[in-house]
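Novice: Pasted the sequence and its predicted model underneath.
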Amino acid sequence: DARVTQTPRHKVTEMGQEVTMRCQPILGHNTVFWYRQTMMQGLELLAYFRNRAPLDDSGMPKDRFSAEMPDATLATLKIQPSEPRDSAVYFCASGLVYSGTVNQPQHFGDGTRLSIL
Amino acid sequence: KQEVTQIPAALSVPEGENLVLNCSFTDSAIYNLQWFRQDPGKGLTSLLLIQSSQREQTSGRLNASLDKSSGRSTLYIAASQPGDSATYLCAVITQGGSEKLVFGKGTKLTVNP
């Protein structure tokens, strides 16, 4: 089965350090999503891309977070500088979306568990 | 702003019992509703997707229903098994909300042998 792959699976670092999380979407999927999951807020959408172009990053703190898709096989989410409140599980998901059709399920990776000390 | 609520937050049942998980949403103008399963330390697995024009979807022992007008969905699990133990999340895509999934906080299900 095709899968969304995320690295690293776990990351512990000190406040102020740069954190980079990577995602390999399923081959052929044209849409990539970044979510954050915390106990308090649940799952929240941070940003998403269609055909590598950013469509919406309104859920992301702009001053410290950045998301990119250097190519169709790689999406990255960076935090600089990191803060303890960024501790969460970050999920990447990919899907195949055609204009006017939003009825395909998203496929999720296993997440990056981030702890900022 | 779309809000999704799942009640109860946790549920514990004996093996073999049929059970229902509930999901409600505030804005009935949705494209679809999805049910996901999340195992500890894992990502989400899509279980069922119901389009706004549909009333229900079935997969094996799972049946999901949708009442869009009342903003409600249920996930019915028949003859529950210990392997069904997981957190079940409901999510909707709202019309005009592009492809954004809005999630509930989930129901943690424990099926006891």
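Specialist: Everything's here; your move.

Novice: May I ask which helix or strand of chain A has the lowest mean pLDDT?
Specialist: Lowest by mean pLDDT, DSSP states H and E among the helices and strands of chain A is strand A:53-56, with a mean of 89.

Novice: Quick check: residues of chain A near chain B?
Specialist: A:4, A:31, A:33, A:42-45, A:48, A:55-56, A:91, A:93, A:95, A:97, A:102-111, A:113 (Cβ under 8 Å from any Cβ of the partner chain). No exception for glycine: its C-beta is placed from N, CA and C like everyone else's.

Novice: Any chance you could list what contacts the very next helix or strand once past the least confident helix or strand of chain A?
Specialist: Downstream of strand A:53-56, the first helix or strand assigned by DSSP states H and E is strand A:65-71. Residues outside strand A:65-71 that contact it (Cβ atoms under 8 Å, 6 or more residues apart in numbering or on different chains): A:32, A:34, A:46-47, A:49, A:52, A:54, A:57, A:60, A:75-80.

Novice: hmm, try it at 10 Å
Specialist: A:19-21, A:23, A:25, A:32-34, A:36, A:46-54, A:57, A:59-60, A:74-80, A:82, A:86, A:92 (Cβ atoms under 10 Å, 6 or more residues apart in numbering or on different chains).

Novice: Quick one: buried ones out of those residues?
Specialist: Among the contacts of strand A:65-71, those that count as buried by neighbour count (16 or more other Cβ atoms under 10 Å in any protein chain shown) are A:19, A:21, A:23, A:25, A:32-34, A:36, A:46-50, A:57, A:60, A:75, A:77, A:79, A:82, A:86, A:92.
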